[in-house]
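J.: the following block contains a protein sequence and its predicted model.
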Amino acid sequence: MADATYNLNGGFKPTAKRFADLNGPDFFPTPAWATHALVESEKFSGEIWECACGDGAMSRVLETAAPVRSSDLYDRGYGESGIDFLETTRTTDNIVTNPPFNAAEGFVRQGVKLANKKFALLLRLAFLEGANRASTIFKETPPSRVWVFSERITFYPAGAVQGGSGTTAYAWFVWDREAMGRTELLWLPPGYKKKFSSSRGPLGSRDLFA
């Protein structure tokens, strides 16, 4: 259920916590600069599948790096709709997305099976925490690299006036079949937000929020 205080005096505040949009009518796009940071830091060979594409904003940035296939469980006017990533058996070269927060672990398990080269998820940095993930996901298939943002990402509902700054730290978690084993912790330098401030279209959207 949405935060009842989210709309204050006709305006929107940055999300302090993300909520699951189980019916799919609302979503929080990812700012374009956050995806530019990934494609400037990771090289992709072959097709990229954006499997939770929302309105296509993340896909449009990814297209600057590689051919992109886009899909979503819901119809948001972009890509294939009705594709449940957690149920599919479709494989591809690379998978990149910003998953629903409450489905992040399921996306990890699917992504490492379906991506033949690289699999990248935009997740809260706190995803590194937790005894359950430490003994399952991170023990069995640890990410190859974790790119920590130096700048905070702010998520807004689609169409909201943007302003202010988020309070949650995020990172790109990358699984690379050519570099499996130990996890490398890296930092994305500040400046991406300013550099790509003209990139109005938010990127891939997720049905949750943090």
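T.: Sure, I can see it. Numbering: from 1, shown residues only.

J.: A104 is in what secondary structure piece?
T.: A104 belongs to helix 104-114 when elements are defined using DSSP states H and E.

J.: give me the contacts around that helix.
T.: 52, 85-86, 88-92, 95, 97, 99-100, 119, 121, 123, 127, 133, 137, 141, 173, 175 (C-beta atoms under 8 Å, 6 or more residues apart in numbering). Where you see a C-beta, it was placed from the backbone N, CA and C, and this is true even at glycine.

J.: put the buried members of these into a ChimeraX selection.
T.: To isolate the buried ones among the contacts of helix 104-114 in ChimeraX, judged by 16 or more other C-beta atoms under 10 Å, type:
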select :52,85,92,95,97,99,100,119,121,123,127,137,141,173,175
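
J.: helix, strand or coil for L38?
T.: Three-state call for L38 (DSSP: H, G, I helix; E, B strand; the rest coil): helix.

J.: what about it, how many neighbours?
T.: 22 (other C-beta atoms under 10 Å).

J.: same deal with G130?
T.: Neighbour number of G130 under other C-beta under 10 Å is 13.

J.: cool, P190 as well?
T.: Using other C-beta under 10 Å: P190 sits among 11 other residues.

J.: repeat that for D75.
T.: 11.

J.: quick one: the helices in the chain?
T.: For the chain, the helices defined by DSSP state H cover 32-41, 57-62, 104-114, 131-135, 137-140, 192-195.

J.: identify each buried residue in the longest one, please.
T.: Of the residues in helix 104-114, those buried by neighbour count under the rule 16+ other C-beta under 10 Å are 104, 107-108, 110-112, 114.
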